[in-house]
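Enquirer: prediction below, plus the sequence it came from.
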Amino acid sequence: MKISEILKNKEITISCEIFPPKLGTELDQSRQVVAEIAKLSPDFISVTYGAAGTTASFTTELAEEVENCGVASLAHVTCVSSDEETLDEYLKTLKANGIENILALRGDMPQGREPKKVYAHASDIAKAIKSKGDFCVGGACYPEGHPESATVSADIDNLKIKAESGCEFFTTQMFFDNEVMYSFLSKFQRKGINIPVIAGIMPITNARQLQRSVSLSGTSVPRSLREMVERFGDNPLAMKQAGIAFATNQIIDLIANGVNNIHIYAMNKPDIAKAIMENLSEIRK
Ligand code: FAD
């Protein structure tokens, strides 16, 4: 099913993200992750692409597995790893496997190899995908502004181009302070962009993960989260419980304020996705 339809027809949606393995020998384990997350009945499951040296075929294989579990899948694709030939091949595989949704991304510049240069911006690959088939295409957005953008406002001007190029929804980069999201949304709407924005929530369940996520994304860390990690970071079970509670509270506040589409960066941890989903069981109904 197309995600644009899901977003149109349901008041509240909760989706999850997983990443493919680096090695083919780990595919069965990843399929197990898909099956466990699918049991939670998310509105869709996205599968990342190319990051951390994974290959495109693992993305399509896992997206296919998501569909086999009866859940809509969202397969990511990046400009830096695509040219016309590889994109055509990718779209052919997706179509053959009933995968209708694609998240069009530029990707981060790869280290130690040249990026492909056919598609410069996510909007370029979004436009190409729309011209090549009947796919629902989404894009990424950044409540604190993309790190390469001078201002949030300049970044939103480029989001407008992305929407005009065929993106039908945006998923946000992780953020930990909902006020940042509300401020972003009001700027976004003032620019006249009328597509749904799905809030990306990263549950922080261990101290190392916070450092890693923040250094990769540049996301700011509010005092409440810093204190939580300071206090519980050395106790894995307490940290996990606190991280699940923090993410749950963030989601409840978002939904209470009308941000009804939530994407959980589940990091291939079905137990964490399950705990958050259970905390939202009445809210999702
Ligand atoms: P773009 O939309 O191309 O934007 C990148 C920069 O260029 C921004 O500063 C923007 O303002 C500017 N820009 C955009 N269009 C124009 C234009 N027309 N003219 C001038 N400037 C422009 N990475 C992966 O490798 N694999 C993944 O699966 C993956 N999944 C992601 C999922 C989400 C939800 C998010 C938020 C990020 C994901 N990323 C992934 C990381 C992403 O690829 C990087 O953040 C990358 O740096 C930017 O990608 P983008 O699609 O936002 O790029």
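Expert: That came in fine, so what should we check first?
Enquirer: show me where the stretch 51-200 of the chain has helices.
Expert: Shown for the stretch 51-200 of the chain, the helices assigned by DSSP state H, counting those that start in this stretch span residues 56-68, 84-96, 122-132, 152-164, 178-190.
Enquirer: and the second one, what does it pack against?
Expert: In other words, helix 84-96. Packing partners of helix 84-96 (3 or more Cβ pairs under 8 Å, 6 or more residues apart in numbering; DSSP states H and E): helix 56-68, strand 72-78, helix 122-132. No exception for glycine: its C-beta is placed from N, CA and C like everyone else's.
Enquirer: in TSV, list the ones you listed along with distance to V229, mean neighbour count and mean pLDDT.
Expert: Listed next are those as TSV, based on distance: least, Cβ to Cβ, whole Å; neighbours: other Cβ atoms under 10 Å; pLDDT from 0 to 100:
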stretch	distance to V229	mean neighbour count	mean pLDDT
helix 56-68	30	22	96
strand 72-78	28	26	98
helix 122-132	32	21	98
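Enquirer: reformat these into CSV and put distance to V47 next to each item.
Expert: As requested, the helices and strands packed on helix 84-96 are exported to CSV (distance: least, Cβ to Cβ, whole Å):
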stretch, distance to V47
helix 56-68, 5
strand 72-78, 6
helix 122-132, 16
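Enquirer: so which of these gets nearest G200?
Expert: strand 72-78 (12.4 Å; Cβ to Cβ).
Enquirer: so which strand or helix has Q29?
Expert: In this assignment (DSSP states H and E), Q29 forms part of helix 27-38.
Enquirer: near the ligand, which residues of the stretch 151-285 of the chain show up?
Expert: Within the stretch 151-285 of the chain, the positions near the ligand by Cβ under 6 Å from any ligand atom are D155, N158, I161, K162, T171, Q173, G200.
Enquirer: any idea how far the third one is from I193?
Expert: Between I161 and I193 the distance, using Cβ to Cβ, to the nearest Å, works out to 10 Å.
Enquirer: list the contacts of N260.
Expert: E11, I12, T13, L254 (Cβ atoms under 8 Å, 6 or more residues apart in numbering).
Enquirer: er, S30 actually
Expert: Listed by Cβ under 8 Å, 6+ apart, the contact partners of S30 are I18, P20, P21, F58, L62, N268.
Enquirer: hey, what's the first one bridged with?
Expert: Looking back up the chat, that one is I18. Applying DSSP bridges to I18 yields these beta-bridge partners: V47.
Enquirer: right, and it touches P42 too?
Expert: No. Taking contacts as Cβ atoms under 8 Å, I18 lies outside contact range of P42: 10.3 Å.
Enquirer: just name the closest of the contacts of S30 to the ligand, please.
Expert: P20 (9.3 Å; Cβ to the nearest ligand atom).
Enquirer: which secondary structure element of the protein has the lowest mean pLDDT?
Expert: Ranking every helix and strand in the chain by mean pLDDT, DSSP states H and E puts helix 207-217 at the bottom, with a mean of 91.
Enquirer: need the CA coordinates for that helix. PDB is fine.
Expert: Written as PDB, here are the backbone C-alpha positions of helix 207-217 (Å, rounded to 0.1, in the frame of the first residue of the first chain):
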ATOM      1  CA  ALA A 207      25.000   6.100  26.700                       C
ATOM      2  CA  ARG A 208      27.300   5.200  23.700                       C
ATOM      3  CA  GLN A 209      24.300   5.300  21.400                       C
ATOM      4  CA  LEU A 210      23.600   8.900  22.300                       C
ATOM      5  CA  GLN A 211      27.200  10.000  21.600                       C
ATOM      6  CA  ARG A 212      27.200   8.200  18.300                       C
ATOM      7  CA  SER A 213      23.800   9.500  17.200                       C
ATOM      8  CA  VAL A 214      24.700  13.000  18.100                       C
ATOM      9  CA  SER A 215      28.100  13.000  16.400                       C
ATOM     10  CA  LEU A 216      26.600  11.600  13.200                       C
ATOM     11  CA  SER A 217      23.500  13.900  13.100                       C
END
